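**Student:** Quick one: sequence plus predicted model below, questions after.
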Amino acid sequence: ERKRRETMQNRTAATIDISSAEEPVLKLNNGHTMPQLAFGLYKVPPTEEGESIVLNAIAAGYRHFDTASYYENEKVLGQALKKSGIPRNEFFICSKVWNDAQRKGREAVRGSVEKSLAAFDFGDDGGCYIDLLLVHWPVPGYHVETYKELELMCKEGTIRSIGLSNYKEKLGGFVLVALYSAGKDWSVVELLILTSFFVIFYFVLHSTTHFCAVLGGSKGL
């Protein structure tokens with residue numbers, strides 16, 4: 001029985017090559033493209049072990065990585081990307097601005113993004129940007145101003161695309177309407193936790209009506 005299991009494992013390893021599969025890509029409403037399959041770094045340790053985890057993900061074919069300032073592993077991700085030897089422009093990097101920066105105001109939001117860029121350490125040869133920057137959680141009274149600052153940084157080229165994360169039910173709709181009323185660009189991505197069918201159905205319906213790409217995560221983001 002043991003020999004049979006080993007034979008099956010070897011046969012599977014020989015016939016399935018994940019890295020050779022063509023990855024589905026989404027075209028965002030601002031013209032940029034985003035790999036649809038992402039590797040989430042929530043709980044990935046900021047250590048050599050974490051770097052090894054990312055390198056294994058790259059070897060498996062992942063090119064879209066989802067992290068956040070709150071995860072404290074942006075430096076590890078940057079180190080792994082450089083060690084991979086793959087050009088920066090072949091990766092899609094998503095990060096998020098945390099609640100404390102939002103509460104401190106727009107300067108703190110900008111500082112948080114710049115700190116993330118410094119942690120990634122992509123260099124100055126055209127790769128010093130973040131593909132997607134999300135407002136990590138809605139902070140009442142602050143998140144609209146946070147979004148406006150991210151939009152400004154997007155126009156400056158520091159960020160290529162902006163979006164929202166964890167905006168559920170009517171709250172997400174109200175924020176999008178507030179941004180639209182203020183003359184702001186629509187976000188290109190809504191990142192949601194897949195926990196409640198009714199919450200997801202409402203917001204996905206609203207988001208797709210306004211041409212936003214919708215991503216889902218199965219655990220805490």
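**Tutor:** Sure thing, it's come through.

**Student:** alpha carbons only for contacts and neighbour counts from here, please
**Tutor:** Fine.

**Student:** Quick one: the helices in this structure, in order.
**Tutor:** Applying DSSP state H to the chain gives helices spanning 2-15, 48-59, 74-84, 99-104, 106-120, 143-156, 169-181, 197-209.

**Student:** what are the bridge partners for residue 159, then?
**Tutor:** Here residue 159 shows beta-bridge partners residue 130, assigned using DSSP bridges.

**Student:** burial count for it?
**Tutor:** By the measure other CA atoms under 10 Å, the count of residues near residue 159 is 21.

**Student:** Then residue 90?
**Tutor:** Residue 90, neighbours per other CA under 10 Å, totals 9.

**Student:** who touches it in this structure?
**Tutor:** Each residue near residue 90 by CA atoms under 8 Å, 6 or more residues apart in numbering is listed here: residue 63.

**Student:** try 10 Å
**Tutor:** By CA atoms under 10 Å, 6 or more residues apart in numbering, the contact set of residue 90 is 63, 64.

**Student:** is it true that residue 112 touches residue 101?
**Tutor:** Yes - if you go by CA atoms under 10 Å, residue 112 and residue 101 touch, sitting 6.7 Å apart.

**Student:** and residue 104, how far is that from residue 143?
**Tutor:** Going from residue 104 to residue 143 by CA to CA, to the nearest Å gives 11 Å.

**Student:** Of the two, which one has the most company?
**Tutor:** residue 143 (21 against 12).

**Student:** Just the local confidence number for the spatially closest residue to the more buried one that is not a sequence neighbour, please.
**Tutor:** Nearest non-adjacent residue to residue 143, counting by CA to CA, 6 or more residues apart in numbering: residue 102, 6.6 Å away. With respect to pLDDT, residue 102 scores 96.
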